[in-house]
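Undergrad: build me a model from this:
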Amino acid sequence: MQAKSRWLDPGIILVAILLCCVAVVLIWWPTDTYFMGISLAGWLMFLSYIMWFILAVIYVVWIEKKERKENDDERRKK
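TA: Residues are numbered from 1 along each chain as shown. Model (predicted):
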């Protein structure tokens, strides 16, 4: 049986992407820049909710495909 790399797990990859995005917001926190009367930090926080939702959908689809492939492989072995 092959040893699967922990670093190729969809959850680990997507958490790394989230951490990179959070790091950008925390390192560059634009408090005095305004766009349409709202602070740029507020816009970044709002857009991050959309990004989190998209990443959640990607994660669910990715896991479903991975599990389906593993189930198909098990059925072929039998």
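
Undergrad: from here on, contacts and neighbour counts on C-alpha atoms
TA: Will do.

Undergrad: and the lengthiest helix in the chain, what does it pack onto?
TA: In the chain, taking DSSP state H as the definition, the longest helix is helix 40-77. The elements that helix 40-77 packs onto, with contact taken as 3 or more CA pairs under 8 Å, 6 or more residues apart in numbering; DSSP states H and E, are helix 10-27.

Undergrad: ok, residues contacting the helix it packs on?
TA: Identification of contacts with helix 10-27 by CA atoms under 8 Å, 6 or more residues apart in numbering yields 6-7, 41, 44, 52, 55, 59, 62-63.

Undergrad: and those residues, which two are furthest apart?
TA: 6 and 41 (34.0 Å; CA to CA).

Undergrad: quick one: the residue most central in space within the chain from residue 62, how far?
TA: The centre of the chain sits closest to residue 14, judged by CA atoms, centre = their mean, with a distance of 3.4 Å. Separation of residue 14 from residue 62 (CA to CA, to the nearest Å): 11 Å.

Undergrad: pLDDT value on the residue nearest to the centre of the chain, please?
TA: pLDDT for residue 14: 81.

Undergrad: for the longest helix of the chain, what is the distance to the chain centroid?
TA: Relative to its chain's centre, helix 40-77 lies at 7 Å (CA atoms, centre = their mean, to the nearest Å).

Undergrad: could I get the average pLDDT for that helix?
TA: Averaging pLDDT along helix 40-77 gives 85.

Undergrad: pull the CA atoms of stretch 25-41 into PDB?
TA: Coordinates of the C-alpha atoms in stretch 25-41 are reproduced here as PDB (Å, rounded to 0.1, in the frame of the first residue of the first chain):
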ATOM      1  CA  VAL A  25      -4.800  41.500   5.100                       C
ATOM      2  CA  LEU A  26      -3.100  41.500   8.400                       C
ATOM      3  CA  ILE A  27       0.300  42.800   7.100                       C
ATOM      4  CA  TRP A  28      -1.300  45.400   4.800                       C
ATOM      5  CA  TRP A  29      -4.200  46.700   6.900                       C
ATOM      6  CA  PRO A  30      -5.400  49.800   5.000                       C
ATOM      7  CA  THR A  31      -7.300  51.800   7.600                       C
ATOM      8  CA  ASP A  32      -7.200  55.300   6.000                       C
ATOM      9  CA  THR A  33      -8.000  54.300   2.400                       C
ATOM     10  CA  TYR A  34     -11.700  54.700   1.500                       C
ATOM     11  CA  PHE A  35     -13.600  53.400  -1.500                       C
ATOM     12  CA  MET A  36     -17.200  54.400  -1.900                       C
ATOM     13  CA  GLY A  37     -17.300  55.700   1.700                       C
ATOM     14  CA  ILE A  38     -16.100  52.300   3.200                       C
ATOM     15  CA  SER A  39     -12.600  51.600   4.500                       C
ATOM     16  CA  LEU A  40     -10.600  49.400   2.200                       C
ATOM     17  CA  ALA A  41     -10.100  47.000   5.200                       C
END
